[in-house]
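[1] Fold the following, please.
(one chain, ligands or ions: 2)
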Amino acid sequence: MRLFTSQRMRQADATAVGLGFPSLLLMEAAGRAVAEWVLERFPGRPVAVLCGRGNNGGDGLVAARHLMLAGARVRVFAAEGHSGDAAQMQRALQAHALEPRPLEQWQPQPGEVIVDALFGTGLNRRLEGSWAELVGRINASSCPVVAVDLPSGLPFEPHVRAHSTLVLAALKSEHLFYPWREACGRIVLAGIGMPERSLFQPDLPELLTPQAMAALLPRRSGDAHKGSVGRVLIAGGYANYTGAPALAALGAHRAGAGLVSVAYPAGLELHLPLESVRYPQEHWSPEGLSHVRAEAAAVGMGAGPQAEPAAQAVLSRRIPTVLDADALQPGIVESYARAGTPAVITPHPGEAARLLGSEAASIAASPLEAARTLAERFAGVTVVLKGGPTVLARQRGSGVELAVGTTGNPAMASGGMGDVLSGVIAALLAAGLEPWDAARLGVYLHGLSGDRRGQVGLLAHDLAEELPQARAALERGEVRAFWEWR
Ligand SMILES: NC(=O)C1=CN([C@@H]2O[C@H](COP(=O)(O)OP(=O)(O)OC[C@H]3O[C@@H](n4cnc5c(N)ncnc54)[C@H](OP(=O)(O)O)[C@@H]3O)[C@@H](O)[C@H]2O)[C@H](O)CC1
Ligand SMILES: [K+]
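    Ligands and ions are numbered 1, 2, ... in the order given. I've put the predicted structure just below:
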């Protein structure tokens, strides 16, 4: 499943029409799906349908007809100047003796449901003047709003704040990325019969679905033992940063590692899980790690100025490695890329800014572009750019492949979560998954565990404790995506 932009959705629309598919059928299916959702979710409630002058408005006119035919009390308010499909849908409505009134005449009525069909993917600038004022009045009314495709005004301010958004054909960036996502409310995805060929755009970011992620779960054979399911080396810790490597170790244990070994500066007091094996290091060196049995590693958690020697010592093992926190220095990442050792980097926007020599704010504002730039800059390295949502990238052929996480929530904004993620990805690498698969599944499971324990106050080790149940639910096919299908 792919994540679209408004522009790429218009392209898909044009492709469908080019294939001979009548666009009027798409509008009919869209409007019908809106009407069905309103009738199901708000039975018996009167409805005001507010229609803009484009095709989003056309969808609204179709919805009004189906609502009326189903016996709902409907008022329709529409902008002037419909053309093409929308104009035909206006005539179809008028044939049923339902005449749209001028949009300016709309006043909210208590108890009414508002269908926001003002603007969808055709919006190309912020709303101003009477449009901005109308959006203000919609938001100030106490009426629930069902947005058609997108809450009108997104991705700019002002925009409609919806109870639910009936998304047409495919999810777009606004439905996933904060802060826009908050304006969408519940997300309901309607297929509308778009030919599959027009939606086939593999260069768009992949959306991590429960089905695709369940298929990546490493299977265990009946004769599994601790040496056969993946052993992890965690290297980190410095001064008073003793929690980070312990949380990474916990993440690795809870993600199914058969054995977790932790290397750390000698003399440091680490509260490691009882099951972890300790390797105190007088000085970081390849020799100090040569006896550790591991198929994958995670380096940098709380390592401070020791990150560089720790990362170089681990690099001598030539095993797939997660580089996190203090190991996210351009020189370190480059040395892994140059050596051809599979590496996964897990920066938050601040660390990504350090790697790219840019600003954290600009990374957070354009995470897809930032992840792409990181993958290009550090060729061969798998990028996990943490955020709401997390974005993944890797170079593939002459281009960059992108994926976007669909799990996780703001309660996960607390210290130590990233350390757990490093351990989880390392455990999946050790189990034999390719870096791209380990990173995608790790991000998915980590966010899923956070969602299952999603209250503010969640601690990183609480999240780690949830990992086994989250994994089992995913394996049993019990996990649903955050959007609903219609
Ligand atoms: N494949 C699908 O998913 C289908 C989607 N459908 C629906 O169609 C819309 C997109 O329709 P479109 O006509 O391209 O665009 P909109 O209806 O969103 O709006 C276009 C009009 O808005 C004007 N505009 C743009 N920005 C502003 C602004 N800031 N202020 C005022 N007016 C604005 C624009 O005119 P300009 O010339 O002034 O730019 C257009 O008149 C999609 O979202 C779905 O709801 C199909 O119905 C089915 C297939
Ligand atoms: K809309």
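[2] Could you grab the helix/strand/coil label for Glu308?
    helix (DSSP: H, G, I helix; E, B strand; the rest coil).
[3] nope, His446 is what I meant
    helix.
[4] Give me the neighbour count for it.
    His446 is flanked by 32 other residues according to other CB atoms under 10 Å. Just so you know, the C-beta spots here come from the backbone N, C-alpha and C atoms, and that holds for glycine as well.
[5] Go ahead and confirm it touches Glu466.
    No - using CB atoms under 8 Å, His446 is not in contact with Glu466; the gap is 9.7 Å.
[6] For Leu134, see how far away the nearest residue to Arg45 once chain neighbours are set aside is.
    Spatial nearest neighbour of Arg45, excluding adjacent residues (CB to CB, 6 or more residues apart in numbering): Val113 at 5.0 Å. Distance of Val113 to Leu134, computed by CB to CB, to the nearest Å: 17 Å.
[7] the more surrounded of these two?
    The neighbour comparison of Val113 against Leu134 (other CB under 10 Å) goes to Leu134, with 24 against 21.
[8] Keeping just the C-alphas, turn the helix or strand harbouring that one into CSV.
    Assigned by DSSP states H and E, Leu134 belongs to helix 129-140. What follows is helix 129-140, C-alpha atoms only, in CSV (Å, rounded to 0.1, in the frame of the first residue of the first chain):
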residue,chain,number,x,y,z
GLY,A,129,-11.4,35.9,2.9
SER,A,130,-14.9,34.4,2.8
TRP,A,131,-13.5,30.8,2.6
ALA,A,132,-11.4,31.2,5.7
GLU,A,133,-14.4,32.8,7.5
LEU,A,134,-16.6,29.8,6.4
VAL,A,135,-14.0,27.4,7.8
GLY,A,136,-14.0,29.4,11.1
ARG,A,137,-17.8,29.1,11.3
ILE,A,138,-17.7,25.4,10.6
ASN,A,139,-15.2,24.8,13.4
ALA,A,140,-17.0,27.1,15.8
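[9] quick one: is the following helix or strand past it near ligand 1?
    Where DSSP H and E defines the elements, the next helix or strand beyond helix 129-140 is strand 145-148. Yes - Strand 145-148 reaches ligand 1 (CB under 6 Å from any ligand atom) through Val148.
[10] average pLDDT for strand 145-148?
    Averaging pLDDT along strand 145-148 gives 98.
[11] any idea how far it is from the chain center?
    Computed by CA atoms, centre = their mean, to the nearest Å, the separation of strand 145-148 from the middle of its chain amounts to 22 Å.
[12] buried ones in stretch 350-357?
    The neighbour-count check on stretch 350-357 (16 or more other CB atoms under 10 Å) flags Glu351, Ala352, Ala353, Leu355, Leu356 as buried.
[13] Which of these fall within strands?
    Using DSSP state E, no member of the buried residues of stretch 350-357 sits in strands.
[14] Next step: the residues you listed restricted to helices.
    Cross-referencing those against helices under DSSP state H gives Glu351, Ala352, Ala353, Leu355, Leu356.
[15] one step back: determine whether any part of the helix holding Leu134 lies close to ligand 2.
    No - judged by CB under 5 Å from the ion, helix 129-140 stays clear of ligand 2, getting no closer than 10.3 Å.
[16] Provide the contact partners of that helix at residue level.
    50, 103-104, 106, 108, 114, 116, 118, 126-127, 145, 152-153, 158-161 (CB atoms under 8 Å, 6 or more residues apart in numbering).
[17] 6 Å instead, please
    Leu127, Gly153, Pro158, Val160, Arg161 (CB atoms under 6 Å, 6 or more residues apart in numbering).
[18] do stretch 66-80 as well
    In contact with stretch 66-80 (CB under 6 Å, 6+ apart) are residues 32, 35, 39, 46-53, 64, 98, 100-101, 103, 106.
[19] Sort out which of these are in helices and list them.
    Using DSSP H, the contacts of stretch 66-80 in helices are Arg32, Ala35, Leu39, Ala64.
[20] I figured Arg318 hits Thr341, correct?
    Yes - Arg318 lies in contact with Thr341 (CB atoms under 6 Å); the separation is 5.4 Å.
[21] In terms of neighbours, single out the busier of those two.
    More crowded of Arg318 and Thr341, by other CB under 10 Å: Thr341, with 19 against 12.
[22] Next one: the more buried one from Ala426, what distance?
    Thr341 is 13 Å from Ala426, by CB to CB.
[23] Could you count how many residues lie near the residue of the stretch 301-450 of the chain found nearest ligand 1?
    Going by CB to the nearest ligand atom, ligand 1 is nearest to Val404 of the stretch 301-450 of the chain, at 19.2 Å. Burial measure for Val404: 24 neighbouring residues, criterion other CB under 10 Å.
[24] And for the one 3 residues further on?
    Thr407 is flanked by 24 other residues according to other CB under 10 Å.
[25] For the residue nearest to it when sequence neighbours are not counted, give me its contacts.
    Spatially, and ignoring its direct neighbours in sequence, Thr407 is nearest to Gly447 (2.9 Å; CB to CB, 6+ apart). By CB under 6 Å, 6+ apart, the contact set of Gly447 is Gly405, Thr407, Gly408.
[26] Just confirm yes or no for the strand or helix carrying Met27 near ligand 2.
    Assigned by DSSP H and E, Met27 belongs to helix 23-41. No - using CB under 5 Å from the ion, helix 23-41 stays clear of ligand 2, with a minimum separation of 9.8 Å.
[27] how close does the closest residue to Ala29 other than its chain neighbours sit to Gly18?
    Closest residue in space to Ala29, ignoring its immediate chain neighbours: Ile192 at 4.0 Å, by CB to CB, 6+ apart. Distance, Ile192 to Gly18, by CB to CB: 17 Å.
[28] same thing with Arg318?
    For Arg318, the distance to Gly18 equals 50 Å [CB to CB].
[29] With Leu67 instead?
    Taking CB to CB, one finds Leu67 at 32 Å from Gly18.
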